[in-house]
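[1] here's my sequence, what's the structure:
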Amino acid sequence: MPTSRTNPGPAAAARNRSALLEAAHAVFAESGTAAPLSSIARRAGVGQGSLYRHFPDRVSLVAAVVEENVDELEAASAAGADLPDLLGLVTRHAIESVGVVDLLAEDRPRRMLQLRERVAAVLAAHHEAALAAGQVPQGATVEDLMLGVELVAGALTRRPAGERAAMAVRSWRLLGMAVALPEGVR
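    Next up is the predicted model:
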């Protein structure tokens with residue numbers, strides 16, 4: 001007698017999307033954005049068809065990863081993180097996702113600008129307090145902070161994964177800032 005499988009419906013779709021994004025974060029951190037999408041599907045425990053239903057191409061998946069990173073930054077800001085912690089989180093994202101921003105900027109510049117504006121808004125919300133606390137160089141503007149993020153991310157692009165955290169800390173120090181990298185970032 002054949003067994004029937006019930007279709008889990010929309011609940012499975014949400015779980016699959018979440019698993020795919022979690023796997024994409026890990027695979028991109030290990031292997032970069034050129035990693036085979038099949039490795040992401042495999043790590044997520046779903047078929048490639050499921051991956052392509054959620055993300056029709058590599059850039060769509062990369063955009064979703066960046067979007068999640070910005071959501072995490074906004075949540076940390078709302079939870080009361082200070083500017084060095086927020087810049088540390090942005091730096092962690094850069095360490096784990098080298099090449100992600102470049103790929104997205106080339107293919108979807110308008111979307112990248114929107115995400116950049118969201119990051120700048122988070123940093124702007126903490127800028128005055130960070131200036132008053134001496135956490136950023138006197139006279140540094142929000143645009144200066146965004147330039148710092150871009151410079152640090154650029155410094156990481158051709159570094160082996162094991163050297164990125166130390167390079168990020170050195171880069172921020174050269175820019176006159178002590179950034180708090182989240183625990184576990186190496």
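[2] okay, CA-based contacts and neighbour counts for the rest of this
    OK.
[3] quick check, distance from the helix or strand that contains residue 11 to the centre of its chain.
    Secondary-structure assignment from DSSP states H and E places residue 11 in helix 10-31. Relative to its chain's centre, helix 10-31 lies at 14 Å (Cα atoms, centre = their mean, to the nearest Å).
[4] ok, stretch 149-164 next?
    Here the centre of stretch 149-164 is set off from its chain's centre by 13 Å, with Cα atoms, centre = their mean.
[5] what about that stretch, how long is it end to end?
    Separation of the first and last residues of stretch 149-164 by Cα to Cα, to the nearest Å is 14 Å.
[6] any idea of the mean pLDDT in it?
    For stretch 149-164, the mean per-residue pLDDT is 88.
[7] what do you get for stretch 28-42?
    Here the average pLDDT along stretch 28-42 is 88.
[8] what are the buried residues along it?
    Neighbour-count burial for stretch 28-42, counted by 16 or more other Cα atoms under 10 Å, picks out 28, 29, 32, 33, 37, 40, 41.
[9] what's around residue 120, how many residues?
    Applying other Cα atoms under 10 Å, we find 16 residues neighbouring residue 120.
[10] no no, residue 178
    Residue 178 has 18 neighbours, counted by other Cα under 10 Å.
[11] from residue 47, how far off is it?
    As judged by Cα to Cα, residue 178 and residue 47 stand 43 Å apart.
[12] beyond the helix holding residue 11, next helix or strand please.
    Downstream of helix 10-31, the next assigned helix or strand under DSSP H and E is helix 37-44.
[13] what packs against that following helix?
    When contacts are defined as 3 or more Cα pairs under 8 Å, 6 or more residues apart in numbering; DSSP states H and E, helix 37-44 sits against helix 10-31, helix 48-54.
[14] quick check: domain ranges of this structure?
    Segmentation of the chain into domains, based on automatic domain parsing, reads 10-56, 58-186.
[15] just to revisit the earlier point, can you put the helices and strands packed on helix 37-44 in JSON lines and add distance to residue 70?
    Listed next are these as JSON lines, based on distance: least, Cα to Cα, whole Å:
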{"stretch": "helix 10-31", "distance to residue 70": "13"}
{"stretch": "helix 48-54", "distance to residue 70": "19"}
